[in-house]
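Trainee: Compute the structure for the input listed below.
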Amino acid sequence: MALSIDKEALLEFLGKNKDPLFVSILALILVVGGWFLYQQSSQTAGQIIDPLLKQDDRSGRTGGAGGTAQAKVTAEQVVGMLLDKRNQEVYSSQRNPFGSPEDQLRMRQEVQSVYDRAVNYFKNKDYEAALTEFDKVIALDVTETRIPYPVTPSEYKLLVTQQNLKENLDKILQNAQTDIAEGDRLAQSGNAKGAMEVYERANDNLMTAINSDPDGKVVGEESINKVKQIQQTAFQKYVTIRGQSLKQEYNLAINQSQQILGGSDYIEMLRVLNSLVLIQSAINSVDPNAQIIAREERTRLGRSADEMVKKLQDNFTSLTDQAKRQFEQALSENDPQKTKEAITVLRSAASFNLKNDAAAKTLKETISSFVNRRAQLVIKLSNAFAAEQETLLNEGNYEQFKEQAKNQYVAELKNLKEAGAALDLTTRKDLDDALVKVNGLKLPPPVTDSYFVKNVTRSSGNNYKFEVTDKTGTSPKPRIFRLKEGARDRTTGITLKQVDTDQGFVILSKPKYLDAKVNITSSN
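Mentor: So this is what the prediction gives:
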């Protein structure tokens, strides 16, 4: 009997049940598709290895030319196959851009501390200091999300600027006019660089004021227009001086490019090329209408840059070889700056050889190796510095402590840490350890941090009378003692190290503390 279908009944059934049917069919498709994908991606180690072994067995039986068996499958090949089968999204490890939880906590605490300090400066109407601290907060927390700010640093900075403008408008204008006059004096004496710096400072300060109150809602339209007028004067003077210096830089760059193009020092050629690019950018910014440097002269500058790019492309291998030699030489001389320059050259060289994949891969591997080796150099130097400075601190030679060098090492180590993805695990651990050591180098507090000293008066003979309260003790009651220069109080351990009656102060000293200068007055 033939099977017949009642079309009308079928259409009626589909019309009534179309939504449940759609969901059921979709679920069935997802289940079947998911199972298929699972079967394709969930091979066991045995399923991956077996074909390799069978292929190896066949090669061994048939042999190559002359019937010689091919080499056996190596362990490295098997491991490589297994690694290739990994789900990359599951197994790839993404580095947290904000560092470890400990790093994030330290950063939040630092941001909070600077933010609180900035707010206190603002409340005390020290607006310049407040702006400096809020800039630090923004630099430390670009996203302004590290801590729950009641008022964001950017909003606070705008408020500080507006309040400063409102309360100190006359002073801001006077400072700008003083800067302009100083710039004029420097320009007339031939100090173009100094003049530019002063004009630029006046322009920047006035632009900050204008940006905080562009329509004059805070200080009034007439006042803000006056600020804008003086700002234009400062800016035009800056542009005039900058244009003259650009002309000199242009001539120097053209001469350098002509000389370097005839040689084979490709690192120097790259440096000159970078200078040309910077000069081109400065010219376009300062002289957009070609009033100082004509367009044909700019074209000449561009042609010189193009010739250098072409020569660097043609001599890619020589450029990278020179950079490698510089790196090895600098590494042997423990020169982190020169090694950094060599790595920068290699990174720049990558843009001159985009078509050669093999060379690009080799260069990438070289750069990665150099980054790790340079990091180890910086770590070694940092550890040596930390050990040297720690010995000085332990011996009480506080005047020999190198605070600036410490800050430079900390900055360098932090920069390396931000590039942590390029470092191997051992180097990253060594880096963290070195940063802890260098960060831990701190001068002790001055004596007056733990002792409140007042009523330093001269008593009989060469004795000086002190009233001292131990801030770290449980009793707030002050002690009174008398000392000669060079003598030590046995109870507190404080020594009267020096007396200067002409300047009117004494120097107090104590082991594990910095010396403190205290005025000889009735109250301190």
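
Trainee: biggest helix in this structure by residues?
Mentor: Taking DSSP state H as the criterion, the chain has its longest helix at helix 221-261.

Trainee: Show the residue spans covered by the helices in the stretch 51-200 of the chain.
Mentor: In the stretch 51-200 of the chain, the helices defined using DSSP state H, counting those that start in this stretch lie at 75-84, 88-91, 101-123, 127-140, 153-188, 192-212.

Trainee: Among the ones you listed, which comes closest to residue 146?
Mentor: When the helices of the stretch 51-200 of the chain are compared by Cβ to Cβ, helix 101-123 sits nearest residue 146, at 5.0 Å. C-beta coordinates here come from the backbone N, C-alpha and C atoms, glycine included.

Trainee: list the helices and strands the closest one packs on?
Mentor: Counting contacts by 3 or more Cβ pairs under 8 Å, 6 or more residues apart in numbering; DSSP states H and E, helix 101-123 is packed against helix 127-140, helix 153-188.

Trainee: which parts of that helix are buried?
Mentor: Of the residues in helix 101-123, 107, 111, 112, 114, 115, 117, 118, 119, 121, 122 count as buried by neighbour count, 16 or more other Cβ atoms under 10 Å.

Trainee: just to revisit the earlier point, of all the helices of the stretch 51-200 of the chain, which one comes closest to residue 377?
Mentor: Counting by Cβ to Cβ, residue 377 lies closest to helix 101-123 out of the helices of the stretch 51-200 of the chain; the figure is 23.0 Å.

Trainee: Look up how far residue 101 lies from the residue nearest the centre of the chain.
Mentor: Geometric centre of the chain, nearest residue: residue 415, 5.7 Å, by Cα atoms, centre = their mean. Distance of residue 415 to residue 101, computed by Cβ to Cβ, to the nearest Å: 21 Å.

Trainee: before we move on, the earlier item: would you mind checking which of the helices and strands packed on helix 101-123 scores lowest on average pLDDT?
Mentor: Sorting the helices and strands packed on helix 101-123 by mean pLDDT places helix 127-140 lowest, at a mean of 89.

Trainee: quick one on the thing from earlier: and the helices of the stretch 51-200 of the chain: which comes nearest residue 422?
Mentor: Nearest to residue 422, of all the helices of the stretch 51-200 of the chain, is helix 101-123, at 17.7 Å by Cβ to Cβ.

Trainee: Quick one: mean pLDDT over that closest one.
Mentor: Per-residue scores along helix 101-123 average to 85.

Trainee: Can you give the contact residues for that helix?
Mentor: Outside helix 101-123, the residues within contact range by Cβ atoms under 8 Å, 6 or more residues apart in numbering are 98-99, 127, 129-130, 133-134, 136-137, 140-141, 146-147, 149, 153, 156, 159-160, 163.

Trainee: cool, stretch 133-149 as well?
Mentor: For stretch 133-149, the surrounding residues in contact (Cβ under 8 Å, 6+ apart) are 104, 107-108, 110-112, 114-115, 117-118, 121, 152-154, 156-157, 160.

Trainee: again, but for stretch 198-209
Mentor: Contacts for stretch 198-209 (Cβ under 8 Å, 6+ apart): 161, 165, 172, 175-176, 179-180, 182-183, 186, 227-228, 230-231, 234-235, 237-238, 241.

Trainee: contacts for stretch 411-430?
Mentor: Stretch 411-430 has contacts (Cβ under 8 Å, 6+ apart) with 95, 99, 336, 368, 371-372, 375-376, 378-379, 382, 431-432, 434-435, 438.

Trainee: How far does stretch 212-223 sit from its chain's centre?
Mentor: Offset of stretch 212-223 from its chain centre (Cα atoms, centre = their mean, to the nearest Å): 36 Å.

Trainee: what does stretch 222-234 give?
Mentor: 35 Å.

Trainee: do stretch 209-219 as well
Mentor: 32 Å.

Trainee: What's the end-to-end length of that stretch?
Mentor: 10 Å (Cα to Cα, to the nearest Å).

Trainee: Now do the buried residues in that stretch.
Mentor: Buried-residue list, stretch 209-219, by 16+ other Cβ under 10 Å: 209, 210, 212, 213, 216, 218, 219.

Trainee: Who are the contact partners of the fourth one?
Mentor: The contact partners of residue 213, taken as Cβ under 8 Å, 6+ apart, are 162, 165, 219, 224.

Trainee: For residue 269, give its distance to residue 519.
Mentor: 61 Å.

Trainee: neighbour count winner among the two?
Mentor: Each of residue 269 and residue 519 has its neighbours counted (other Cβ atoms under 10 Å); residue 269 has more, 23 against 14.

Trainee: Grab the nearest non-local neighbour of the more buried one.
Mentor: Counting by Cβ to Cβ, 6 or more residues apart in numbering, residue 260 is the residue found nearest to residue 269 once chain neighbours are left out, at 5.0 Å.

Trainee: mind listing what that neighbour touches?
Mentor: 268, 269, 272, 308.

Trainee: and what of residue 366?
Mentor: By Cβ under 8 Å, 6+ apart, the residues touching residue 366 are 320, 324, 346.

Trainee: how does it look with 7 Å?
Mentor: By Cβ atoms under 7 Å, 6 or more residues apart in numbering, the residues touching residue 366 are residue 346.
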